[in-house]
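In: Next input, structure requested:
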Amino acid sequence: MNLQTMEYFLAIADEKSISKAAARLHVTQQTLSAHLAAVEDELGARLFERSVPLKITYAGEEFLKYAAAIQEQVVNLRHVFDAINGEEKGLLKIGITSNRGRIVLLPVILAFQKEHPGIELKIVEETNETLVEQLEKGQIDVAISDFASGGPGLCAVPLYRERVVFFVQKALFRLQYGEKWQEALSKIQQRGQWKLLEACPMLLGHEQDIAGKYARRLIKASGIQPVIRAESRNMGLLMQLCVEGLGGCFCPDIIARSVLTGEQQKELLAIDLGGEAEYEICIGWRRGWHVVDAFVKTARENAAGFDSENNVYYNKEKSGITV
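Out: Residues are numbered from 1 along each chain as shown. Model (predicted):
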């Protein structure tokens, strides 16, 4: 049993497949199978049931705890001795959704690299739920997501606030509601009669994305029977379709403003969905490496468009999108 065996075991446990773990680690399946068989023989217990996908046994679950802890300690040990030797190097893995990456990370990365040029950055783009899971497993070092707290060994603090807004092309809204479009808009906007949004065809984000989850909750709670024109993880694409009049879109305000031009924004109504549509985006990280702490500090100081005085990311008064 050695450190490489630990790494191999963790990859197999994560992928639930020897072939997928081998591809991820760039080794042969025979190599992984041999290491797994050897450690099972040494421990005198089966760590996986050989099914498809692989199913971890009770003994495997126990071994997983130790393997994960040992690997984390080895990584921390290397970081400590890099610092002792005056060498700041290593790979920092940052998790964020693809829709937020360009908006949030650009100024943060530029500022961080000036101070820490020896650190290589790997940007991991996944859904919010997957990012939190990967952070808990130690597969990434930092995650920017909507979680409010972390598990043992994790820290999380608010980074900025977002608000989901229902965007719809003005011409489409007037067409769908006819001469009474202003009355309908007033009932929706001022009285929260969300059921009236049923008249608009809809463009929905992914069900694991924040805006997508919120849209589905509102639709279900309001009894809306939606006509869905398109679903996608790509909010930029959905907002472009929204501008073209294909349907209304539930989208975070900051993403809408980042992907649309000023002229495009003027073509849309932005319907405020109230306080329930507002939430915190947090930055979470694993303790143990000073470089991670430095990145978190840089992120909190440089997140693009962050209004520290008002603790908001967007500024409604400056947006070209009007109700």
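
In: now for the helix or strand containing A69, which elements pack on it?
Out: Using DSSP states H and E, A69 maps to helix 58-84. The contact analysis (3 or more Cβ pairs under 8 Å, 6 or more residues apart in numbering; DSSP states H and E) places helix 58-84 against helix 3-15, helix 29-43, strand 90-96, helix 290-302. Backbone N, C-alpha and C define where each C-beta goes, glycine included.

In: Need the residues that contact the last one.
Out: Spelled out, that is helix 290-302. Residues outside helix 290-302 that contact it (Cβ atoms under 8 Å, 6 or more residues apart in numbering): 79, 83, 88, 90, 92, 94, 104, 107-108, 111-112, 115-116, 119, 141-142, 144, 157, 159, 283, 285-286.

In: average model confidence for that helix?
Out: For helix 290-302, mean pLDDT rounds to 91.

In: Equivalent analysis for the second one, please.
Out: Confidence over helix 29-43, taken as the mean pLDDT, stands at 92.

In: Run through who's touching the next helix or strand after it.
Out: For helix 29-43, the succeeding helix or strand toward the C-terminus, using DSSP H and E, is strand 48-49. Outside strand 48-49, the residues that touch it by Cβ under 8 Å, 6+ apart are I12, A13, L36, L54, K55, I56, T57, G60.

In: Among those residues, which pair sits farthest apart?
Out: Taking every pair in those and measuring Cβ to Cβ, the maximum separation is 13.7 Å, between L36 and K55.

In: More neighbours: which of these two?
Out: Each of L36 and K55 has its neighbours counted (other Cβ atoms under 10 Å); L36 has more, 22 against 11.

In: Which strand runs longest in the protein?
Out: strand 154-169 (DSSP state E).

In: export that one as CSV, just CAs?
Out: Extracted in CSV, the C-alpha atoms of strand 154-169 (Å, rounded to 0.1, in the frame of the first residue of the first chain):
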residue,chain,number,x,y,z
LEU,A,154,-14.7,24.0,5.0
CYS,A,155,-15.3,27.7,5.2
ALA,A,156,-17.9,29.8,3.4
VAL,A,157,-18.7,33.5,3.4
PRO,A,158,-21.0,35.7,1.2
LEU,A,159,-19.4,37.2,-1.9
TYR,A,160,-22.3,39.2,-3.4
ARG,A,161,-26.0,39.1,-3.9
GLU,A,162,-27.9,38.1,-7.0
ARG,A,163,-31.6,38.5,-8.0
VAL,A,164,-33.5,36.4,-10.5
VAL,A,165,-35.7,38.6,-12.8
PHE,A,166,-38.3,37.6,-15.4
PHE,A,167,-37.2,39.1,-18.7
VAL,A,168,-39.5,39.3,-21.7
GLN,A,169,-39.4,41.2,-25.0
